[in-house]
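Chemist: No sequence on hand, only this structure:
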């Protein structure tokens with residue numbers, strides 16, 4: 001936008017209240033597992049460089065300060081990046097997952113968010129309506145790498161729905177309480193023969209002058225595995241609690257439970273996880289985050305290996321410039337019942353990603 005400032009294109013975008021931005025994220029993960037680091041998340045390729053995200057964002061933001069209704073939109077696209085492999089929605093450009101002689105392409109494109117947005121200030125403290133494909137509305141972490149305190153993802157995040165397609169309303173009841181209600185085509189489904197009506201919703205309590213906030217969110221659908229379409233339909237219940245000790249130190253707890261029925265051979269399956277985050281802001285350019293997580297894949301349906309996963313991660317976010325982020329981290333994972341990490345019970349990784357914002 002700075003480059004376009006003063007040009008005809010820049011003036012047109014400014015008058016239309018449209019902005020263009022994005023980032024490029026590259027990363028390297030050193031791992032004790034040679035064959036692959038799954039079931040940990042997006043940095044699943046050990047001992048090699050990956051272009052995780054090359055993100056383009058085009059948006060027109062709604063105006064929540066005006067007394068008049070406003071409208072906007074957002075288009076977010078990974079083009080290209082290795083993260084696409086896990087975020088693609090069923091029924092949307094999924095041929096990329098078999099184009100490499102039946103295997104996924106290493107890099108691909110995912111139009112990960114595209115929605116229209118309408119804001120009505122006269123209803124309670126404001127009603128927001130989204131129509132399209134958007135991020136799942138629960139948990140702490142995000143597909144958007146710039147919204148995460150650490151480079152690697154938690155099991156709670158990676159093994160639950162990423163996106164929904166449909167209609168979502170957010171009603172601000174007052175300055176403290178807000179509620180969400182939505183109807184979508186399923187979890188990680190765009191438009192597909194396996195689509196099924198699914199409810200998503202949340203209740204948030206966040207006093208503007210308080211040190212605590214609580215978010216409870218649900219995804220409720222058929223909760224039955226669709227064998228005819230090889231499609232998961234989990235019900236999800238998630239609770240996020242945040243406490244701010246002071247301007248520099250904050251704590252977040254994310255507790256998540258999901259279940260599903262009608263699985264071949266196993267019938268009922270479930271999993272639950274608790275992830276805790278402690279972040280200390282040393283200075284505006286430097287912060288440190290620790291994450292301790294326990295994730296029980298009770299029947300092994302999510303990760304492929306049953307048992308309780310324990311994961312401890314410590315990372316640093318360094319921003320020498322507003323457009324440059326560097327995030328090194330070390331992580332240790334352990335499963336008390338199975339050997340998911342290249343036939344080992346434990347995994348050690350040392351990673352670093354670099355984000356160039358533009």
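Modeler: Thanks, I have it. Owing to the predicted nature of the structure, the values given are computational and were not obtained by experimental measurement. Numbers count the residues shown, from 1 in each chain.
Chemist: And for residue 320, nearest residue in space, chain neighbours not counted?
Modeler: residue 285 (6.4 Å; CB to CB, 6 or more residues apart in numbering). All C-beta atoms are positioned from the backbone trio N, CA, C, and that covers glycine.
Chemist: Next: residue 76.
Modeler: Leaving aside its sequence neighbours, residue 76 is closest to residue 113 (3.9 Å, by CB to CB, 6+ apart).
Chemist: so how far is residue 87 from the one you found?
Modeler: Here the criterion is CB to CB, to the nearest Å. By it, residue 113 lies 10 Å from residue 87.
Chemist: Need the overlap of contacts for those two.
Modeler: By the contact definition CB atoms under 8 Å, 6 or more residues apart in numbering, residue 113 and residue 87 are jointly contacted by residue 163.
Chemist: From what I see, the residue nearest to residue 320 and residue 322 are in contact.
Modeler: No - counting by CB atoms under 8 Å, residue 285 stays clear of residue 322, with 9.5 Å between them.
Chemist: which neighbours do these two share?
Modeler: Contacts common to residue 285 and residue 322, judged by CB under 8 Å, 6+ apart, are absent.
Chemist: Those two: who's more crowded?
Modeler: When neighbours are counted by other CB atoms under 10 Å, residue 285 comes out ahead of the other of residue 285 and residue 322, with 13 against 8.
Chemist: follow-up on the earlier one: just the element for the residue nearest to residue 76, please.
Modeler: Element membership for residue 113 (DSSP states H and E) is strand 108-120.
Chemist: Check which helices and strands that strand sits against.
Modeler: Using 3 or more CB pairs under 8 Å, 6 or more residues apart in numbering; DSSP states H and E as the contact test, the elements touching strand 108-120 are strand 70-81, helix 84-87, strand 127-135.
Chemist: Now do the buried residues in it.
Modeler: Within strand 108-120, the residues scored as buried using 16 or more other CB atoms under 10 Å are 108, 109, 110, 111, 112, 113, 115, 117, 118, 119, 120.
Chemist: Just send those residues back as JSON lines, with pLDDT too.
Modeler: JSON lines is the format used below for the buried residues of strand 108-120 (pLDDT from 0 to 100):
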{"residue": "108", "pLDDT": "97"}
{"residue": "109", "pLDDT": "97"}
{"residue": "110", "pLDDT": "98"}
{"residue": "111", "pLDDT": "97"}
{"residue": "112", "pLDDT": "97"}
{"residue": "113", "pLDDT": "97"}
{"residue": "115", "pLDDT": "98"}
{"residue": "117", "pLDDT": "98"}
{"residue": "118", "pLDDT": "97"}
{"residue": "119", "pLDDT": "98"}
{"residue": "120", "pLDDT": "97"}
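Chemist: returning to that earlier point: so which of the helices and strands packed on strand 108-120 is nearest residue 198?
Modeler: Ranking these by proximity to residue 198 (CB to CB) places strand 127-135 first, at 13.6 Å.
Chemist: And the next helix or strand past the closest one?
Modeler: Going C-terminal from strand 127-135, and assigning secondary structure by DSSP H and E, you next hit helix 155-158.
Chemist: Check the offset of that following helix from the chain's centre.
Modeler: Offset of helix 155-158 from its chain centre (CA atoms, centre = their mean, to the nearest Å): 9 Å.
Chemist: now the strands for the stretch 251-358 of the chain?
Modeler: 267-283, 286-297, 307-321, 324-335, 346-357 (DSSP state E, counting those that start in this stretch).
Chemist: For the ones you listed, give me TSV that also has distance to residue 251.
Modeler: As requested, the strands of the stretch 251-358 of the chain are arranged in TSV below (distance: least, CB to CB, whole Å):
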stretch	distance to residue 251
strand 267-283	5
strand 286-297	10
strand 307-321	15
strand 324-335	19
strand 346-357	23
